[in-house]
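Participant: Provided below are the primary sequence and the corresponding predicted coordinates.
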Amino acid sequence: MSKGGMNKGDINKGDINKADKNKAGMNKEFREKNANNLKLLGMFAVSFAVLTVATGGKFFSAGQMKLIAYLFPEMGVLSLGMMLAMISGGIDLTVVAVADLSGILCCMMLKAVMPNDASLPVQILVLLLVVAAGLVIGGLCGAFSGTLISRIGIPAMVATLGASDIILGLAVGITNGSSVKELPPILNGVVSYRLFDAIPASTIIFAVCAGAVAFILNKTSLGFKIYMIGSNKTATRYSGIDDKKTITLTYMISGMLSSVSGLLMCGHFNSARSDFGKSYLTPAILICVLAGVSPNGGKGKVAGMVIAVVILQTLSSGFSMFQNISDYYKNLIWGLVLILVMIINVTSERRKARG
Amino acid sequence: MNMKKLLKRNEFYVILIIVVLSLLIQMKSGQFFTANNIVDLVRSLIVPGMMAAGLFMVIASGNIDVSFPYTAMLCMFAVTKWFQTTGYDGPVIVGFLAAGLLGAFLGLINGVLAAWLKLPTLIITLGTCSIYLGFTQGVLKSSVISAIPAPLSQMASSSLFSVRSASTGLGSSMPVSIFILIAVLLLVGFIMKYTMLGRGIYAVGGDQVAAERAGFPVAAIRIFVFTFMGFIGGITGLTQVTLSGMCQIGFFDGYEMTIIAAVVLGGASIAGGSGSVFGTFLGVLLMKLISNNLILLGIPTNWSKLMTGVLIIAGVSASAYKMVAAERKVTSNILEGNKGEGADTNE
């Protein structure tokens, strides 16, 4: 069905009109441009206030804030990859599988390579090498699904569904379904390190990833091409852009981001398992939709994404403070929110188009 | 049917693979063509076969549904719990009707959302599947029901006939629910082949805009396929209870993947507009043949997930590559100046 939507979509659907930026009416334009972000900030404030009142002020505590800052990057980095794929008009269902596989492989490598009584600089050097290897693994996985989509012509959804089974199948096969434990302490040490005792290292990693994705999307020709392909693939191809290469690159970047997320997860749990990220897929898509990334492609900004991730993690942490809301209700709530946000986005867009 | 036409049919190749594979398993283990193995295989086809028939309709209409395993799960627990709490002791058909209706309602939600929002149905059904799962675990507070109510357990223990393999001494019985599978397959086959609705489903899947211009009620067709899928999902859920004699939350784990793979292997294009219910059934048979005999084929169970993925990709690649190659031919025709025929096919 996305076929029909993509053909109909026009180029100006993506707000990529950079030239208009310097014209008059800055204030109004600023508001129009950031309407979605302002809406998201409003949502964040409301949910935050409601949670604070509902828990009798317990929610608004330093410990809770630290927890949120510590937890959201895993999901956030994963969603950044999903966002890139969705902007290009596809979807990347392999994010969780890639995170698991590269987490497992990296942890195995780390265990094998790390010398027993290495000094701190050596340990960090080894970790950096392993992270680089993880990025290569993620890139390869992304190149695999990207090739299936662009060169063989399989719809993104099925290609990544199948690729996800293959990648996760590898992860299960390698580990026999059990977990990789007794990791060298450096990974957990880095992930839970806090700069100035306040800012967790994982938040900094997320900021770096978000910055990189924002740079790619806004400042490079690759980013422009990704928006173009998502808006109208046929028109993009006929204007002489190599859509195959662009799509493959998109999924490669997505794979690398998933890989980073996988390493964050391993650092957080201090082990690696083939079913860690299982529950992250729906929230990752939810974050993208919440952030205003259009499932039909061509639209989406990193800023909205960052706010959406924080909102979701705030809600998630908030729910877990109530004893009588079990984890099971979380599924129910995420599903409901996803459907509701899609309804709101679609109806408001249609109203705008009519008015 | 002449030879040339036969060689072009996807079903022909699937049958070929199935025959070769069964001979291979027979050679390796010598236990494939035993009465109880065949009955076991047919038994294991019932639930996936029904789901695949429903999903085939959804895929033929150019949509996708990943929520049906959760629809089945919700209906299974809801009806079993309802029987349990009321102490119901009547004909079991009432349960199937209730499960079907509840499933149809859940499918209707999917369908209405899909027709209204016009967003990728994968994302919509991912959202609803999360809701259905949360509802089952949270609201119904269910994970396992080991003692199932009388009407269901009666059906579970009744069978058409039993066979016993002479060499191994293992016995299997053919459950009554095989008739449900046959009925569902015939119904879907009839709708798709002989009714205007079926033509409409293929038309919408082939080209939505063209179908709309031709006067097909696109929104209604879309709502119908999802409702029908939900209906089948509900019935399948209860069938699973009668097959295994209990309810468990993990019954349908990963079914969305394997069933999609089966439908695609059976020759339905994932973009919609093609495929047949016979091909779909063959796809399910092939999937089950492989997953039931992985160990006999020398593949450890830990690698079975990898196999599903490889099967999906292999199945889709073949048909997708054909389309890309055809498109490339058109493009090169344009470049060489044969604009007359090329421009038409390429808009």
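Facilitator: Structure's in. What do you need? Residues are numbered from 1 along each chain as shown, chains lettered A, B, ... in the order given.

Participant: so how far is residue A:321 from the residue nearest to residue A:200 when sequence neighbours are not counted?
Facilitator: Spatial nearest neighbour of residue A:200, excluding adjacent residues (C-beta to C-beta, 6 or more residues apart in numbering or on different chains): residue A:70 at 4.7 Å. Any C-beta I mention is one placed from the backbone N, CA and C, and that applies to glycine too. Per C-beta to C-beta, to the nearest Å, residue A:70 is found 16 Å from residue A:321.

Participant: pick out whichever of the two has more residues nearby.
Facilitator: residue A:70 (19 against 13; other C-beta atoms under 10 Å in any protein chain shown).

Participant: what helix or strand is that one on?
Facilitator: Taking DSSP states H and E as the definition, one finds residue A:70 inside helix A:62-87.

Participant: which elements pack onto that helix?
Facilitator: Under the contact criterion of 3 or more C-beta pairs under 8 Å, 6 or more residues apart in numbering or on different chains; DSSP states H and E, helix A:62-87 touches helix A:95-113, strand A:199-200, helix A:201-219, helix A:221-231, helix A:243-269, helix A:281-290, helix A:302-319.

Participant: let's have those in JSON lines, adding mean neighbour count, mean pLDDT and distance to residue A:165.
Facilitator: What follows is the helices and strands packed on helix A:62-87, written out as JSON lines (neighbours: other C-beta atoms under 10 Å in any protein chain shown; pLDDT from 0 to 100; distance: least, C-beta to C-beta, whole Å):
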{"stretch": "helix A:95-113", "mean neighbour count": "25", "mean pLDDT": "89", "distance to residue A:165": "8"}
{"stretch": "strand A:199-200", "mean neighbour count": "18", "mean pLDDT": "78", "distance to residue A:165": "33"}
{"stretch": "helix A:201-219", "mean neighbour count": "18", "mean pLDDT": "90", "distance to residue A:165": "26"}
{"stretch": "helix A:221-231", "mean neighbour count": "22", "mean pLDDT": "89", "distance to residue A:165": "25"}
{"stretch": "helix A:243-269", "mean neighbour count": "26", "mean pLDDT": "90", "distance to residue A:165": "15"}
{"stretch": "helix A:281-290", "mean neighbour count": "25", "mean pLDDT": "85", "distance to residue A:165": "13"}
{"stretch": "helix A:302-319", "mean neighbour count": "21", "mean pLDDT": "83", "distance to residue A:165": "26"}
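
Participant: per-residue pLDDT, residue 66?
Facilitator: Since no chain was named, I'll use chain A. Per-residue confidence at residue A:66 stands at 70 (pLDDT).

Participant: you answered for a different chain; I wanted chain B.
Facilitator: Model confidence at residue B:66, given as pLDDT, is 89.

Participant: again, but for the one 10 residues further on
Facilitator: Note on residue B:76: pLDDT of 91.

Participant: and it, how many neighbours?
Facilitator: 28.

Participant: for it, which non-adjacent residue is closest in space?
Facilitator: Nearest one to residue B:76, counting by C-beta to C-beta, 6+ apart, is residue B:237 at 3.5 Å.

Participant: packing partners of the stretch of helix or strand that neighbour belongs to?
Facilitator: Element membership of residue B:237 [criterion: DSSP H and E] is helix B:218-244. Here helix B:218-244 touches helix B:35-60, helix B:68-86, helix B:93-117, helix B:150-157, helix B:178-194, helix B:196-206, helix B:208-213, going by 3+ C-beta pairs under 8 Å, 6+ apart.

Participant: quick one: that helix to helix B:35-60, angle?
Facilitator: Orientation check (axes from the mean of the first three to the mean of the last three C-alpha atoms, to 10 degrees): helix B:218-244 against helix B:35-60 gives 160 degrees.

Participant: name the residues of whatever helix or strand residue B:309 lives in that come out as buried.
Facilitator: Counting by DSSP H and E, the element that carries residue B:309 is helix B:304-335. Going by neighbour count (16 or more other C-beta atoms under 10 Å in any protein chain shown), the buried part of helix B:304-335 is B:304-313, B:315-317, B:319-320, B:330, B:333.

Participant: which other helices and strands contact that helix?
Facilitator: Secondary-structure packing of helix B:304-335 (3+ C-beta pairs under 8 Å, 6+ apart): helix A:156-175, helix B:255-265, helix B:277-292, helix B:339-345.

Participant: ok, 6 Å please
Facilitator: Where contact means 3 or more C-beta pairs under 6 Å, 6 or more residues apart in numbering or on different chains; DSSP states H and E, helix B:304-335 is packed against helix A:156-175, helix B:255-265, helix B:339-345.

Participant: got the angle for that helix vs helix B:277-292?
Facilitator: On the basis of the same axes, to 10 degrees, helix B:304-335 is oriented at 140 degrees to helix B:277-292.

Participant: can you name the farthest residue from the center of chain A?
Facilitator: Most distant from the centre of chain A: residue A:117, at 36.1 Å, with distances by C-alpha atoms, centre = their mean.

Participant: how far does the host helix or strand of residue A:349 sit from its chain's centre?
Facilitator: Residue A:349 is part of helix A:327-354, with elements assigned from DSSP H and E. Remark: helix A:327-354 is offset 19 Å from the chain centroid, using C-alpha atoms, centre = their mean, to the nearest Å.

Participant: so who does residue 284 touch?
Facilitator: Picked chain A for this. In this structure, residue A:284 makes contact with A:78-79, A:82, judged by C-beta atoms under 6 Å, 6 or more residues apart in numbering or on different chains.

Participant: not quite, I wanted chain B
Facilitator: By C-beta under 6 Å, 6+ apart, the residues touching residue B:284 are B:48-49, B:52, B:262.

Participant: separation between residue B:109 and residue A:274?
Facilitator: Using C-beta to C-beta, residue B:109 is found at 33 Å from residue A:274.
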